[in-house]
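**Student:** Got a predicted structure plus its sequence, pasted below:
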Amino acid sequence: MSRDTGRAIVISALRLLQVVVVSTALAWGCEVRAATDIAWWHAMSGELGKQLEKLAADFNASQSDYRIVPAYKGNYTETVTAAIFAFRSRSQPAIVQVNEVATATMTAAKGAIYPVFSLMRDQGEPFSLTDYLPAVSGYYTDAAGNLLSFPFNSSTPILYYNKTMFRDAGLDPETPPKTWPELGAAAKRLRDRGAACGFTTSWPSWIHVENFSAFHNLPLATRANGFGGLDAELTINNPTLVRHVAQLAEWQKTKLFDYGGRGQSAEPRFQSGECGIFIGSSATRADIRANSKFEIGYGMMPYWPDVKDAPQNSIIGGATLWVLRDRPREEYKGVARFFAYLSQPGVQAAWHQNTGYLPITRAASELTRAQGFYERNPGSAISFEEITLHPPTENSKGIRLGSFVLIRGAIEDELEQAFAGQKSAQAALDSAVERGNKLLRQFERASPDR
C-alpha cells in the first residue's frame, strides 16, 4: 500500500469519526433538549375548550423545555373522578381542573396534592398572593392564607335584561333594577305587557343561597363558612334568606319569577325573549350575546335594601387547577413555570376577554381597561366590579364545606319544593339545613384531620 493510499485511508477514517462524533453530539443534544410533557386534565368543551387549548399551545410556543398536554375528561365530576382513579393506579396527571365546590374535598386529600404556594416556592418561580384578587384567591387559601390551588376559570352571577322588552313596558332601558323590590316591580310591568315571565335564574343554590348570603354579608355556615374547621354547620334557615325564598315562591304564583331548573337550563328562556330578566353566570355573556336577537343590558345582582351590609361582594364559581403529587420532579418545574405564565397580565387579560371569566389579577383587569375592551363591550366589567365591590369578609370570602356538591343538591331539592308551593320557605330551608348537616358530619368523620 502506497504512502498516499495510506494517508487517504487515515483521512477517510478521521472524517468518518468526525461524522460519528457530530451525529452522537447532535443526538445527545436533542435528548437533553427534549421537552418534558405535562398532562393537564380538564372539563372544558366547545369554545371554552378551544381557548384552553390555545393557552397551552401559546405556553408551549413560548419556551422549549416543557409541553403542556391538555386532555378533556368530561364534566367536573367526571374529571376529578378520573383523576382519583388514576392516582390509585399511579397514572395521575400533574394538573387537574376541579370545580370550586370540591375545594374542601381536595384540601382533605393532603397526601395527594402539592399546594401551589409550596410548588412556587420550591421551584423558585415568582409568586405573590397580593397580585391576585382577594375574592378569587381567598376561596382557595388555607387558614394561614396560603394558596392551595391555582385560580383558573372564575365567574360570578350578574343580571341580564332585555332592553327591547324594557322599552315596550315603559321601563328605562338604561337602568337595570338594583334591588329586589325594583326587580319585582320591573317584572310586573313586563308581565302586564305580555311577557311569559318576568325573570328567571340559573344555578338556584349558587345564586339564591350562596351568592345571596355573600352579597348580604350573611354567614352560609358557622366556622367562617367552613374555613375555620370541619365541624361547621349550615345557617341558611336565617330570617333574611327565608324571606327571600318566600318572596320568590310568591312571585312564582304569577310568573313574575318563573323557576327554570337547575344548572344553566333557564338561560334559553331569556335568549328566546320569553323572560325579560335573567340572573346567571358572567361567563355565559358571550353565549347570550351570540344567541339573543335583541339589545342586552347588564347589571349587578339585586339586594334587599333593608339588610344592613348589603351589597357586600359576590363570590365566585368555576374551577381551579390542582397539582397532584408523585409525578417526576422535572414536571413540577414545568408546572410552576406554566402557572407563572398564566399569571402574566397579557395572558390573563386575553383569557378574560375571550371567555367572560374573571381576570385573577388586578393587573389583568387594568390592562383590559387600558386596551378599551370594557368601553367597546358594555357590561363586561360588571362581574369584576361586583366581586371587588368591598373587601371580602368572613361571610363573603367563599365556602369551604365538605361534600358541598351533594349539599347543593339537597338545597336545590328543597328550593324546588318551596317554589312549587309544597313547603313553606322556612320548612324548606330547615330541611336543607338538616340534610346538609348530616352530609357535613359524614365528611367530618371520614376526614383524616378529624
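**Tutor:** Thanks, I have the structure now.
**Student:** Low-confidence stretches in this structure?
**Tutor:** By pLDDT under 70, the weakly predicted segments of the chain are 1-33, 448-450.
**Student:** quick check: domain ranges of it?
**Tutor:** 36-154+317-388, 157-315+396-446 (the TED database).
**Student:** got the contact list for E274?
**Tutor:** Contact partners of E274, counting by C-beta atoms under 8 Å, 6 or more residues apart in numbering, are 195-197. The way it works is simple: take the backbone N, C-alpha and C, and place the C-beta from them, glycine included.
**Student:** can you rerun that using 7 Å?
**Tutor:** Listed by C-beta atoms under 7 Å, 6 or more residues apart in numbering, the contact set of E274 reads 196-197.
**Student:** Okay, buried residues for stretch 61-73 please.
**Tutor:** Neighbour-count burial for stretch 61-73, counted by 16 or more other C-beta atoms under 10 Å, picks out 66-68, 70, 72-73.
**Student:** Could you do stretch 428-447 as well?
**Tutor:** 428-433, 435-437, 439-440, 443-444.
**Student:** Please flag which of those residues sit within helices.
**Tutor:** Among these, the ones falling in helices (DSSP state H) are 428-433, 435-437, 439-440, 443-444.
**Student:** Check those residues against A102 and report the nearest one.
**Tutor:** Ranked by distance to A102 (C-beta to C-beta), these are led by F443 at 11.6 Å.
**Student:** Pull up the gap between that closest one and K253, please.
**Tutor:** From F443 over to K253 the distance is 37 Å, taken as C-beta to C-beta, to the nearest Å.
**Student:** Just the endpoints, please. Distance across stretch 146-166?
**Tutor:** From its first residue to its last, stretch 146-166 covers 46 Å (C-alpha to C-alpha, to the nearest Å).
**Student:** Ok, stretch 174-185 next?
**Tutor:** End-to-end span of stretch 174-185 (C-alpha to C-alpha): 16 Å.
**Student:** how many neighbours does S396 have?
**Tutor:** Other residues near S396 come to 28 when the count uses other C-beta atoms under 10 Å.
**Student:** when you give positions from now on, start the count at 49
**Tutor:** Will do, 49 is the new start, and the previous item becomes S444.
**Student:** and the residue most central in space within the chain, what does it touch?
**Tutor:** Nearest to the geometric centre of the chain sits G366, at 1.8 Å (C-alpha atoms, centre = their mean). Under the criterion of C-beta under 7 Å, 6+ apart, the contact partners of G366 comprise 148, 201-203, 405.
**Student:** Do a quick rundown of the strands in the protein.
**Tutor:** 84-90, 114-120, 143-147, 198-203, 205-210, 245-249, 323-329, 344-347, 365-371 (DSSP state E).
**Student:** What I need now is those written out in TSV, including distance to N265 for each item.
**Tutor:** Compiled in TSV, these are given as follows (distance: least, C-beta to C-beta, whole Å):
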stretch	distance to N265
strand 84-90	34
strand 114-120	38
strand 143-147	24
strand 198-203	20
strand 205-210	16
strand 245-249	21
strand 323-329	19
strand 344-347	20
strand 365-371	19
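**Student:** Out of these, which gets nearest to N108?
**Tutor:** Between N108 and these, the tightest spacing by C-beta to C-beta is seen for strand 114-120, at 5.1 Å.
**Student:** Could you list every helix and strand that that closest one packs against?
**Tutor:** Strand 114-120 makes packing contacts with strand 84-90, helix 94-110, helix 377-390 when contacts are defined by 3 or more C-beta pairs under 7 Å, 6 or more residues apart in numbering; DSSP states H and E.
**Student:** so which of those gets nearest L167?
**Tutor:** Smallest distance to L167 across these (C-beta to C-beta): 5.4 Å, for helix 377-390.
**Student:** any idea how far the closest one is from the chain center?
**Tutor:** Mean-position distance between helix 377-390 and its chain equals 21 Å (C-alpha atoms, centre = their mean, to the nearest Å).
**Student:** in that helix, what counts as buried?
**Tutor:** For helix 377-390, by 16+ other C-beta under 10 Å, it's 379-387, 389-390.
**Student:** and Y124, what is it in contact with?
**Tutor:** Residues near Y124 by C-beta under 7 Å, 6+ apart: 91, 146-147, 367.
**Student:** Among the residues you listed, which one is most surrounded by other residues?
**Tutor:** The contacts of Y124, ranked by neighbours (other C-beta under 10 Å): first place A367, 27 neighbours.
**Student:** For R317, which non-adjacent residue is spatially closest?
**Tutor:** Distances taken as C-beta to C-beta, 6 or more residues apart in numbering put C323 closest to R317, at 4.8 Å, once the chain neighbours are dropped.
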